[in-house]
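>>> Structure for the following, please:
(chains A, B, C and D)
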Number of protein chains: 4
Amino acid sequence: MNFGIVGYSGRMGREIKEVFKDHYLCLTVDEGTEHIENTPDMIIDFSSFNATFRTIELCREHNAGLVIGTTSLKPEHFSGLRDLSLSVPVIQSFNFSMGINLLKRILQDFSECFLGWDLAITETHHVKKKDAPSGTAILLKEAVGRTSDCVSLRLGGVPGDHQVIFANEGEVVTFSHRAISRKVFAMGALKAAEFGLTRDRGFYSFEEVLLCRQKQ
Amino acid sequence: MNFGIVGYSGRMGREIKEVFKDHYLCLTVDEGTEHIENTPDMIIDFSSFNATFRTIELCREHNAGLVIGTTSLKPEHFSGLRDLSLSVPVIQSFNFSMGINLLKRILQDFSECFLGWDLAITETHHVKKKDAPSGTAILLKEAVGRTSDCVSLRLGGVPGDHQVIFANEGEVVTFSHRAISRKVFAMGALKAAEFGLTRDRGFYSFEEVLLCRQKQ
Amino acid sequence: MNFGIVGYSGRMGREIKEVFKDHYLCLTVDEGTEHIENTPDMIIDFSSFNATFRTIELCREHNAGLVIGTTSLKPEHFSGLRDLSLSVPVIQSFNFSMGINLLKRILQDFSECFLGWDLAITETHHVKKKDAPSGTAILLKEAVGRTSDCVSLRLGGVPGDHQVIFANEGEVVTFSHRAISRKVFAMGALKAAEFGLTRDRGFYSFEEVLLCRQKQ
Amino acid sequence: MNFGIVGYSGRMGREIKEVFKDHYLCLTVDEGTEHIENTPDMIIDFSSFNATFRTIELCREHNAGLVIGTTSLKPEHFSGLRDLSLSVPVIQSFNFSMGINLLKRILQDFSECFLGWDLAITETHHVKKKDAPSGTAILLKEAVGRTSDCVSLRLGGVPGDHQVIFANEGEVVTFSHRAISRKVFAMGALKAAEFGLTRDRGFYSFEEVLLCRQKQ
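Predicted coordinates:
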């Protein structure tokens, strides 16, 4: 695949470049600079929402699909992305970790089976993380669909652990996720880009990417 | 509910009595002795397959549903149980732990989403357990539907831990089950008996009991 | 060894009887009843402080050593026990779990090495436990000798898990204890009683019992 | 502190530079190139044993202490290092993780207290790791001083987890170590370098660095 990276010089940009190393990087965008060598099939953007409108223009220009993991998108950005998705595939998510998205789906499908069980959600992150509970813990809690205590630990350099624990008198069932590095998000972007290549147009969540095989 | 216990004096019999304490125990059966005070709605049998044919007769006699967790059942026992299920509800399983049955179902539904991830299954049991890997580890492996290393530890008095671990370059997802005591199986029997009260007849697995709410 | 149990009919009494089954139970005491068949070498008391003075008398009468795990002892009980320890061995502790006492000692000896690391203590117990954090979590925290967040989960029937977690930028070290059943305390009592048989007199903590081999 | 790095351009070199960022890097050495701006107090070498003799010369030349984490050192290297340690402090270890060295020491001091408990050692590493069990698992096993099963899992990108598990009938005690990144070794090197600044001469293990406070 020919691909482009918006936010090429940032931390996620570097991870994406590394994970997509079997593909041809033909477009790089940073604040104020754009380099193009060829027409991209897919553009990957995990940068800031300040870049989003320019990213949309670039996709239109090159008829390229889009994988966008930018956070804090506003309604006007979503409008732009929806419009774009009428002509090319757009895959949008706030969390491109495969594991978290699978757990979310599992919890949505099965949490009813755990009615009557006690529930706790725990998460551990590095001490520099300021918000607690983490956005991902909130996402998992919403997937379960019940009120729950959510316990947050801030310890050393832990990249991110999450646990959803169900227990009754006789047994404990735990769903755990552990991030090893931010590479996980770049790997999710690659999976999404490969999915995009198989579609003509449409607006997709990362969950749909992951579950497409299962649904067929 | 009025209920009966086959294998009343055994370890599981005592657990069942304790867990069903809000219901009326009106029939108790042990090798060579039967006590009956009233007509049971459901009969619970976690004893030996030597008892199975007599249990079937008792169910017919009293038009009672059956929850049967006896292991090592042979084809002739299954024939008898199938026949019985034409007139009353029969719930049969080799493992009445709710957690294990839910994990099994989750793995069956979602293991395809973990293609390309590394897989390991681990289990820890008390040192008196002779077989390794445990039957439950094998069941979980079959639910995943892939070959996998299965690591067994035999340590102290651990009642039974199981883990199914998926990992890729960037993340680890773990499904864990921990048994606290054998009470868990009696609790599963109660859930199955309550389900049986809502059915006229039919042969059911414990999985169907657990997932009935979800399916409706 | 010939031994006696004070609080014979209680939950701990039954566990002690089971764990001491290779020894000769020759004295049993319950509120209002005493049965004696022979002279005990050691008396085991995990009952109420209401029984303590009578227990001390019995030890004097039979020149028997004492293992006492009764909680909420008052200064007058300790005076009585100290006096008794001038003639026989007395082993007293509020927690006869071997694992917890070893962790306590390890943390006392090594916590200084973890200065500069982040610290968290977590504990999980069954939902019927009313106090939080657990007495054992407080004991472990005191052993570390630093202020620390202490996170408590109350979930299903979990007998008791404790974790002391140290983390820095690059690594995480965790000390974990998991209780399987209350049998653990009876096993500690047996170890203490065997230790008592080797001493003429003196007042000992359970820690001293556990570390005697190491110190020699 | 003024410091130098041998193996400046390698992976560990970069980690060391990052972790020592509050100090003045005044000497860098790579195969075939040396840059010097000032006299180093300490030299850090985690490169190849091919570099060791030149490193020793540099230490002599500048009267600098040495922290050396190079693996596969041969007897002639050790002779050289011992000679050097007559004039400057030399801190040598095959594993500069603080956590692993502390666990090793704890296990050496306390494993006798766990006689009679079952023991298992487990380790999990990324799939590219070829040896099993890991050198660290072997080191921990030797610290316990008993034969033990050692279970190895190779899964995804896990940097390195180790567990030493003791269990009896009633309880489980687990000592766990989890590496977050190779930064941990650079942090150990910094601690060793700071220790070196306080000594005139001598040959030290990393364990002595970690335990110096405790011993005083």
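
>>> and A:F96, how many neighbours?
26 (other Cβ atoms under 10 Å in any protein chain shown). For every residue, glycine as well, the C-beta is placed using N, CA and C.

>>> doesn't A:T70 make contact with it?
No: here A:F96 lies out of contact with A:T70, judged by Cβ atoms under 8 Å, at a distance of 10.9 Å.

>>> buried ones in the lengthiest helix in chain A?
Among all segments of chain A classified by DSSP state H, the helix with the greatest residue count is helix A:183-197. Under the neighbour-count criterion of 16 or more other Cβ atoms under 10 Å in any protein chain shown, helix A:183-197 has A:183-193, A:195-196 buried.

>>> so which of those residues would you say is closest to C:T122?
Taking Cβ to Cβ as the measure, C:T122 sits nearest to A:V184 out of the buried residues of helix A:183-197, at 25.2 Å.

>>> wait, isn't the closest one in contact with A:G99?
Yes: using Cβ under 8 Å, A:V184 is in contact with A:G99, at 7.4 Å.

>>> Which neighbours do those two have in common?
B:E171 (Cβ atoms under 8 Å, 6 or more residues apart in numbering or on different chains).

>>> Stretch A:81-100 near chain D at all?
No: using Cβ under 8 Å from any Cβ of the partner chain, stretch A:81-100 stays clear of chain D, with a minimum separation of 10.4 Å.

>>> Please report the average pLDDT across that stretch, rounded to a whole number.
Stretch A:81-100 carries an average pLDDT of 94.

>>> Start and end of that stretch, how far apart?
Stretch A:81-100 has an end-to-end distance of 24 Å (Cα to Cα, to the nearest Å).

>>> Repeat that for stretch A:162-172.
16 Å.

>>> how about that stretch, does it get close to chain B?
Yes: counting by Cβ under 8 Å from any Cβ, chain B is contacted by stretch A:162-172 at A:F166, A:N168, A:E169, A:G170, A:E171, A:V172.

>>> From A:G116, how far off is the fifth one?
Read it as A:E171. 12 Å (Cβ to Cβ, to the nearest Å).

>>> Pick out whichever of these two has more residues nearby.
Per other Cβ under 10 Å, whichever of A:E171 and A:G116 has more neighbours is A:E171, with 26 against 10.

>>> Chain B contacts on chain A?
A:97-100, A:102-103, A:105-106, A:109-110, A:112-115, A:166, A:168-187, A:210-211, A:213-214.

>>> Now with 6 Å, please.
Within reach of chain B by Cβ under 6 Å from any Cβ of the partner chain, chain A has these residues: A:97, A:99, A:102, A:106, A:110, A:112-113, A:169-174, A:176-181, A:183-184, A:187, A:210, A:213-214.

>>> If you go by neighbour count, which of these are buried?
Buried members of the residues of chain A next to chain B, scored by 16+ other Cβ under 10 Å, are A:97, A:99, A:102, A:106, A:110, A:113, A:169-174, A:176-181, A:183-184, A:187, A:210.

>>> Intersect these with the contacts of chain C.
Contacts with chain C within these, counted by Cβ under 6 Å from any Cβ: A:E169.

>>> among the buried ones among the residues of chain A next to chain B, which are in strands?
A:E171, A:V172, A:V173, A:T174, A:S176, A:H177, A:R178, A:A179 (DSSP state E).

>>> could the residues you listed go into CSV alongside pLDDT and distance to A:E31?
Below are these laid out as CSV (pLDDT from 0 to 100; distance: Cβ to Cβ, whole Å):
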residue, pLDDT, distance to A:E31
A:E171, 95, 53
A:V172, 97, 49
A:V173, 98, 47
A:T174, 98, 43
A:S176, 98, 38
A:H177, 98, 33
A:R178, 97, 33
A:A179, 94, 27
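
>>> of these, closest to chain D?
Nearest to chain D, judged by Cβ to the nearest Cβ, of these is A:R178 at 8.7 Å.

>>> Tell me where the model's unsure across chain A.
The model of chain A has pLDDT under 70 over residues A:212-216.

>>> show me the contacts for the residue nearest to the spatial centre of it.
When Cα atoms, centre = their mean is applied to chain A, the residue found nearest the centroid is A:F96 (2.0 Å). Counting by Cβ atoms under 6 Å, 6 or more residues apart in numbering or on different chains, A:F96 makes contact with A:G69, A:F185, A:G188, A:A189, A:F206.

>>> now A:A143
Counted by Cβ under 6 Å, 6+ apart, A:A143 has contacts A:K104, A:L107, A:Q108.

>>> check contacts around the first one.
Right, the one you point to is A:K104. A:K104 is in contact with A:A143, counting by Cβ under 6 Å, 6+ apart.

>>> Let me know the next secondary structure element after the helix or strand in which it is found.
Applying DSSP states H and E as the criterion places A:K104 in helix A:98-110. Counting by DSSP H and E, the element after helix A:98-110 in chain order, helix or strand, is strand A:118-125.

>>> Output that next one as CSV - backbone C-alpha positions only.
Extracted in CSV, the C-alpha atoms of strand A:118-125 (Å, rounded to 0.1, in the frame of the first residue of the first chain):
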residue,chain,number,x,y,z
ASP,A,118,-20.0,-8.2,42.1
LEU,A,119,-18.1,-6.0,39.7
ALA,A,120,-14.9,-3.9,40.1
ILE,A,121,-12.8,-2.1,37.5
THR,A,122,-9.1,-1.3,38.2
GLU,A,123,-6.5,0.5,36.2
THR,A,124,-2.9,1.2,36.7
HIS,A,125,-0.9,3.9,34.8
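
>>> The closest residue to A:T71 other than its chain neighbours sits in which helix or strand?
Nearest residue to A:T71, sequence neighbours excluded (Cβ to Cβ, 6 or more residues apart in numbering or on different chains): A:F94, at 5.6 Å. For A:F94, there is no helix or strand it lies in under DSSP H and E.

>>> Compute the number of surrounding residues for A:F94.
Neighbour count for A:F94, taken as other Cβ under 10 Å: 15.

>>> what about it, distance to A:G69?
A:F94 is 7 Å from A:G69, by Cβ to Cβ.

>>> A:A51: which of the ones in strands among the buried ones among the residues of chain A next to chain B is nearest?
Distances from A:A51 to these, taken by Cβ to Cβ, are shortest for A:A179, at 24.7 Å.

>>> wait, the closest one sits on A:D161?
No: A:A179 lies out of contact with A:D161 (Cβ atoms under 6 Å); the separation is 7.5 Å.

>>> can you list the domains in chain A?
The record's domain parsing of chain A by automatic domain parsing lists A:2-96+A:183-215, A:98-178.

>>> got a list of what the nearest residue in space to A:L190 that is not next to it in sequence touches?
Ranked by Cβ to Cβ, 6+ apart and with sequence neighbours excluded, the top spatial neighbour of A:L190 is A:V19, at 5.4 Å. Shown in contact with A:V19 (Cβ under 6 Å, 6+ apart): A:A186, A:M187, A:L190.

>>> quick one: the first one from C:C59, how far?
In other words, A:A186. Applying Cβ to Cβ to A:A186 and C:C59 gives a distance of 70 Å.

>>> the helices in chain A, which residues?
Per DSSP H, chain A carries helices over the ranges A:11-19, A:52-62, A:75-84, A:98-110, A:135-144, A:183-197, A:206-215.
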